[in-house]
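Trainee: structure for the following, please:
(2 chains)
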Amino acid sequence: MPPRAGQTRADRRDGIRRELLSIVEQRLLDGENFADIAVERLAADAGMSRTRFYLYFEDKNDLLRAWFADVSKEFATAASSWFDAHDEITPEALRDAISDVVETYRRHTSLMGALENAAANDARTRVVVAMGVDQFATQLQRHIQHAQESGLTDPVLDAFMIARWLTQMAWRGVMHWIGSAEPGEFDHVIGTYSAFVWNVLYAAQDPVS
Amino acid sequence: MPGGARNTDAVRARRREDVLRRLLVAVEELCNSGISYPEIRIDELLRTAEVNRSTFYTYFDDKNDLLRELAHRVLSGMIDSAVEHWYTAPAPASKDDLHRVLGDVISSYQPHQAIMTAMADAATGSSELARSFDLLMDRSTAALAAYIRRGQAEGFVCATVDPEPTGALLAWMAEGGFRALLATDQPEGIDAIHRGLTDIYWRGLRMRAI
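Mentor: The predicted structure follows:
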């Protein structure tokens, strides 16, 4: 991959990262563990030297960290029809948005698994993942605050905490099923999560409570 | 000399307990400092616990073997205690009753948060540990699903809530949430976490006082 004119180093790094990760993804699908993939062989498969790899990336986890920043944006985009609905939302619209977020995750199931693994073993990756999850929670928190201002959501709720708990429910709970669930069962999980979120944020409360 | 042999066994068992206790404290200390269990080096662990290398290997095959033991001893007790709160929770006469149950559940988790996190981190790597971890989570899910079903029978949980998947979502939410939120370690923070959790349950399950 010779450098092309007009490309910045960041462009080149992004291009190389995409190429390397598509090789990684194939290996993961073939049943290899991310931890067992050697940089040497990975670089060779992409037609580059080990030295060139380290010119762009600190280590193998660095590939995943850079990738996760992009995926975090994809999550935010998928959730935008929900997060931007400050004045009005229907259970169907909520469910569709949540379904889009989960689909985004599902498109990347094997790399997400590798990321989770890397985060357990590497402090920097752990921080990047925690920050990405928290970023999502912050976006949800802003939505809740706007919805509270417009009267869509009960103003007594602690927007910060509710956003964190609901984000963890999605991140740990919904994702737990991703690898294993049958398609039908999976829709059921999305439906259950959407109904739960609806109850917490938008459903009318029993006046006795 | 049978009496002497028994005595030696007792000494050995006590010694093993002592070593395990010191390793537990050391693991909690290291994990609380921000290192994950897979990252802890064995020599660092032994230095922190003041346990000899040869003593360690007398009792354990490796670091994962130690974690299995800690999980067996500490986490099963913790889950036993946490799920017991759900099985014995009274029908809420007010939202405060639910708040108290959740307070008890948080108190069961909190002291052993570090070991729970260690287990969750190690469970992504080793399939045997992953299975044990899933079993722990399944017990939480079962307890929560049972609580939901009982609530529906007695009329304090909305009938439209699906017990099994909702119980699982709540169990995994707690696992991730306690890990991410309890680490902040401020008394005021814990109260806010606790109140937020009560609202999540109360509204999410559409509960009502009876």
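
Trainee: any idea which element residue B:97 lies in?
Mentor: Element membership of residue B:97, judged by DSSP states H and E, is helix B:95-109.

Trainee: would you mind finding the longest helix in the chain?
Mentor: Since no chain was named, I'll use chain A. Criterion DSSP state H: the longest helix present in chain A is helix A:123-150.

Trainee: can you look at chain B instead?
Mentor: Assignment by DSSP H gives helix B:2-32 as the longest helix of chain B.

Trainee: check which helices and strands it sits against.
Mentor: Packed against helix B:2-32, as judged by 3 or more CB pairs under 8 Å, 6 or more residues apart in numbering or on different chains; DSSP states H and E, are the following elements: helix B:42-49, helix B:53-59, helix B:63-70, helix B:113-123. From N, CA and C alone the C-beta is placed, and that goes for glycine too.

Trainee: just send those helices back as a markdown table, with distance to residue A:128, mean pLDDT and mean neighbour count too.
Mentor: Converted to a markdown table, the helices and strands packed on helix B:2-32 look like this (distance: least, CB to CB, whole Å; pLDDT from 0 to 100; neighbours: other CB atoms under 10 Å in any protein chain shown):
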| stretch | distance to residue A:128 | mean pLDDT | mean neighbour count |
| --- | --- | --- | --- |
| helix B:42-49 | 24 | 96 | 15 |
| helix B:53-59 | 33 | 95 | 13 |
| helix B:63-70 | 25 | 90 | 19 |
| helix B:113-123 | 15 | 87 | 23 |
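
Trainee: assign residue A:48 to helix, strand or coil.
Mentor: coil (DSSP: H, G, I helix; E, B strand; the rest coil).

Trainee: right, and it touches residue A:12 too?
Mentor: No: the pair residue A:48 and residue A:12 fails to qualify as a contact (CB atoms under 8 Å) at a distance of 11.1 Å.

Trainee: remind me which residues of chain A are low pLDDT?
Mentor: Along chain A, the parts satisfying pLDDT under 70 run over A:1-5, A:179-181, A:206-209.

Trainee: got the angle between the longest helix of chain B and helix B:63-70?
Mentor: With axes from the mean of the first three to the mean of the last three CA atoms, to 10 degrees defining the directions, helix B:2-32 sits at 110 degrees from helix B:63-70.

Trainee: list the buried residues for helix B:2-32?
Mentor: Across helix B:2-32, burial judged by 16 or more other CB atoms under 10 Å in any protein chain shown covers B:19-20, B:22-24, B:26-28, B:30-31.

Trainee: ok, now stretch A:71-87?
Mentor: Counting neighbours by 16+ other CB under 10 Å, one finds that the buried residues in stretch A:71-87 are A:71-72, A:75, A:78-79, A:82-83, A:85-86.

Trainee: and for stretch A:176-194?
Mentor: Result for stretch A:176-194 [16+ other CB under 10 Å]: buried residues A:176-178, A:186, A:188-194.

Trainee: please apply the same query to stretch A:17-29.
Mentor: The neighbour-count check on stretch A:17-29 (16+ other CB under 10 Å) flags A:17, A:20-21, A:23-24, A:27-28 as buried.

Trainee: is stretch A:37-45 positioned near chain B?
Mentor: No: looking at stretch A:37-45 against chain B by CB under 8 Å from any CB of the partner chain, there are no contacts, and the closest approach is 14.4 Å.

Trainee: and that stretch, how far from the chain's centre?
Mentor: For stretch A:37-45, the distance between its averaged C-alpha position and the chain's averaged C-alpha position is 26 Å (CA atoms, centre = their mean, to the nearest Å).

Trainee: residues in contact with that stretch: which ones?
Mentor: Under the contact criterion CB atoms under 8 Å, 6 or more residues apart in numbering or on different chains, stretch A:37-45 has outside partners A:20, A:23-24, A:27, A:49-50, A:52-54, A:59-60.

Trainee: identify each buried residue in the helix or strand where residue A:54 lies, please.
Mentor: Taking DSSP H and E as the criterion, residue A:54 maps to helix A:50-56. Of all the residues in helix A:50-56, those buried under the rule 16+ other CB under 10 Å are A:53, A:56.

Trainee: residues near the residue of chain A found nearest chain B, how many?
Mentor: In chain A, no residue comes nearer to chain B than residue A:161, which is 2.8 Å away by CB to the nearest CB. As a burial measure, residue A:161 scores 22 neighbours (other CB atoms under 10 Å in any protein chain shown).

Trainee: and the residue lying closest to it once chain neighbours are set aside, how far is that from residue A:168?
Mentor: Counting by CB to CB, 6 or more residues apart in numbering or on different chains, the nearest residue to residue A:161 once its immediate chain neighbours are dropped is residue B:196, at 2.8 Å. Note on residue B:196: its distance to residue A:168, by CB to CB, to the nearest Å, is 11 Å.

Trainee: quick one: the helices in chain A?
Mentor: In chain A, the segments counted as helices under DSSP H are A:9-29, A:39-45, A:50-56, A:60-83, A:91-107, A:109-121, A:123-150, A:159-168, A:175-178, A:183-201.
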